[in-house]
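Asker: 3D, please:
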Amino acid sequence: MSVQPSNRFAFTARQVNVILEILFVVLILSGLGSWLLALDNAWIAATIHSIAGFMLVLMVPLKLRGSVMTGFKRGRLTRWLSTIFGLMLLSGIVLGWLHTTAIWWGIGYWSAMWTHLLLGFTGIPLFLWHTATRPSKPKLVDLDRRALLSAAGLAGAGAVVYGTQEVVLAATDQKRAGTGSHEIASFEPEKMPSMQWINDTAPRVDLDTWDLRIEGESVEIDALAEQTERMVAWLDCTDGWRSQQRWDVVPLDRLLSDRPGRSVKVTSATGYSRLFDRSDAKNVYLCFGYDGKPLQRGHGAPVRLVAPNRRGPWWIKWVVDIELTDRRAWLQLPFPAT
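Answerer: Residues are numbered from 1 along each chain as shown. This next block holds a predicted model:
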């Protein structure tokens with residue numbers, strides 16, 4: 001059973017479902033893209049992410065009047081699981097908007113942005129289940145002129161809402177990056193937040209006996225710390241904040257030998273690791289402090305990675321191992337699974 005097209009957007013019930021499915025995929029891919037792209041380009045993915053979110057919200061009335069009402073009339077038990085999925089999706093969008101507008105940051109570790117990310121990733125299996133049990137296969141008949149014009153109008157409406165939001169935020173003089181991150185504690189490292197990946201915790205060890213291994217050989221941290229140079233770089237965390245500091249660093253490529261290897265694997269004491277293309281080693285740095293002061297424990301003491309123009313997940317803390325590998329850097333998940 002299909003519903004009559006609304007006065008605002010001319011879509012059938014099937015078209016509504018297909019569009020919502022496409023928007024969910026766009027939200028996930030653009031969200032990941034804002035992590036993977038360099039900071040100079042991450043704003044593109046972040047903009048697409050925001051517009052897609054506004055488009056999805058504009059589609060909610062059509063979904064409620066269409067298949068939602070029909071599904072509840074049928075009385076299927078799984079309708080409650082679908083309802084949970086829908087509420088999770090909308091809650092994630094609202095939390096993302098609250099963070100963007102700085103209306104609400106969150107409560108302690110559970111920031112609005114972190115919860116936004118959690119709901120998005122948790123919603124993926126529910127989305128796969130929903131599309132598998134209620135397939136809305138697009139048909140050529142769906143590509144009629146009226147529907148295409150309505151789709152263009154929907155995209156335009158989402159862009160207008162997004163643009164209006166940005167104008168208002170600019171008028172409030174918010175120091176927000178294109179990624180959506182708000183500036184915090186620049187050049188005040190003691191006030192900079194301390195965030196870890198999922199359940200990582202700062203290791204409690206004797207920093208004087210820290211074992212840093214480069215290509216399988218132990219190196220003295222004090223000796224490396226004497227070779228540092230000062231550089232200014234932004235740390236843009238995926239939790240929604242960014243901070244600019246003067247970091248005391250040593251270029252990673254200066255520490256590597258001429259041994260063959262396509263990638264450089266950097267591993268934390270927590271087991272967290274990332275792969276960098278060998279050619280990127282000149283743009284990645286080992287960091288031992290900021291402004292001549294040693295790193296704080298929560299910021300990765302005694303040694304962390306500084307990866308300018310990359311998002312927070314690449315700035316590995318508590319580095320214990322650096323090794324060359326033939327594994328391609330692009331053969332890894334967009335984010336670590338552990």
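Asker: for the nearest residue to residue 234 once chain neighbours are set aside, what are its contacts?
Answerer: Nearest residue to residue 234, sequence neighbours excluded (Cβ to Cβ, 6 or more residues apart in numbering): residue 244, at 5.0 Å. Bear in mind the C-beta positions are built from the backbone N, C-alpha and C, glycine included. Residues near residue 244 by Cβ atoms under 8 Å, 6 or more residues apart in numbering: 183, 186-187, 232-235.
Asker: what about the strands in the stretch 201-338 of the chain?
Answerer: Ranges of strands within the stretch 201-338 of the chain are 212-214, 217-219, 229-236, 241-251, 263-268, 273-277, 285-290, 293-294, 304-306, 319-325, based on DSSP state E, counting those that start in this stretch.
Asker: got the ones you listed as a markdown table, with mean pLDDT and distance to residue 46 columns?
Answerer: Listed next are the strands of the stretch 201-338 of the chain as a markdown table, based on pLDDT from 0 to 100; distance: least, Cβ to Cβ, whole Å:
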| stretch | mean pLDDT | distance to residue 46 |
| --- | --- | --- |
| strand 212-214 | 96 | 35 |
| strand 217-219 | 95 | 38 |
| strand 229-236 | 96 | 11 |
| strand 241-251 | 96 | 12 |
| strand 263-268 | 96 | 26 |
| strand 273-277 | 94 | 21 |
| strand 285-290 | 96 | 25 |
| strand 293-294 | 94 | 32 |
| strand 304-306 | 97 | 22 |
| strand 319-325 | 96 | 28 |
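Asker: any chance of CSV for those strands, columns distance to residue 78?
Answerer: Compiled in CSV, the strands of the stretch 201-338 of the chain are given as follows (distance: least, Cβ to Cβ, whole Å):
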stretch, distance to residue 78
strand 212-214, 52
strand 217-219, 57
strand 229-236, 40
strand 241-251, 39
strand 263-268, 41
strand 273-277, 39
strand 285-290, 50
strand 293-294, 55
strand 304-306, 45
strand 319-325, 45
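Asker: between the ones you listed, which gets nearest to residue 57?
Answerer: strand 241-251 (24.9 Å; Cβ to Cβ).
Asker: direction included, what does that closest one pair up with?
Answerer: Next to strand 241-251 in the sheet, as set by DSSP bridges, lie strand 182-183 (parallel), strand 229-236 (antiparallel), strand 285-290 (antiparallel).
Asker: do you know the pLDDT at residue 81?
Answerer: Residue 81 is assigned 85 on the pLDDT scale.
Asker: can you confirm it is in a helix?
Answerer: Yes: membership of residue 81 in a helix is supported by DSSP: H, G, I helix; E, B strand; the rest coil.
Asker: what distance do you get for it to residue 128?
Answerer: In this view, residue 81 and residue 128 are 12 Å apart by Cβ to Cβ, to the nearest Å.
Asker: tell me which of those two has more neighbours.
Answerer: Remark: of residue 81 and residue 128, residue 81 carries more neighbours, 14 against 10, as counted by other Cβ atoms under 10 Å.
Asker: part of a helix, is residue 193?
Answerer: No: the assignment for residue 193, made by three-state DSSP, is coil rather than a helix.
Asker: let me see the contact set for it.
Answerer: Contacts for residue 193 (Cβ under 8 Å, 6+ apart) come out as 184-185, 237, 239, 241, 243.
Asker: which two in those residues are spaced the farthest apart?
Answerer: So, the contacts of residue 193 by Cβ to Cβ: farthest apart are 185 and 239, at 13.6 Å.
Asker: pick out whichever of the two has more residues nearby.
Answerer: Set residue 185 next to residue 239 and count neighbours by other Cβ under 10 Å: residue 239 wins out with 19 against 15.
Asker: so the more buried one sits against residue 312, correct?
Answerer: Yes: counting by Cβ atoms under 8 Å, residue 312 is a contact partner of residue 239 at 7.2 Å.
Asker: list the residues that contact both of the two?
Answerer: Common neighbours of residue 239 and residue 312 (Cβ under 8 Å, 6+ apart) are residue 195.
Asker: tabulate the strands paired with strand 241-251 (CSV), appending distance to residue 15.
Answerer: As requested, those are arranged in CSV below (distance: least, Cβ to Cβ, whole Å):
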stretch, distance to residue 15
strand 182-183, 37
strand 229-236, 38
strand 285-290, 50
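Asker: make a markdown table out of the ones you listed and add mean neighbour count and distance to residue 323.
Answerer: Formatted as a markdown table, those follow (neighbours: other Cβ atoms under 10 Å; distance: least, Cβ to Cβ, whole Å):
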| stretch | mean neighbour count | distance to residue 323 |
| --- | --- | --- |
| strand 182-183 | 16 | 35 |
| strand 229-236 | 17 | 24 |
| strand 285-290 | 25 | 14 |
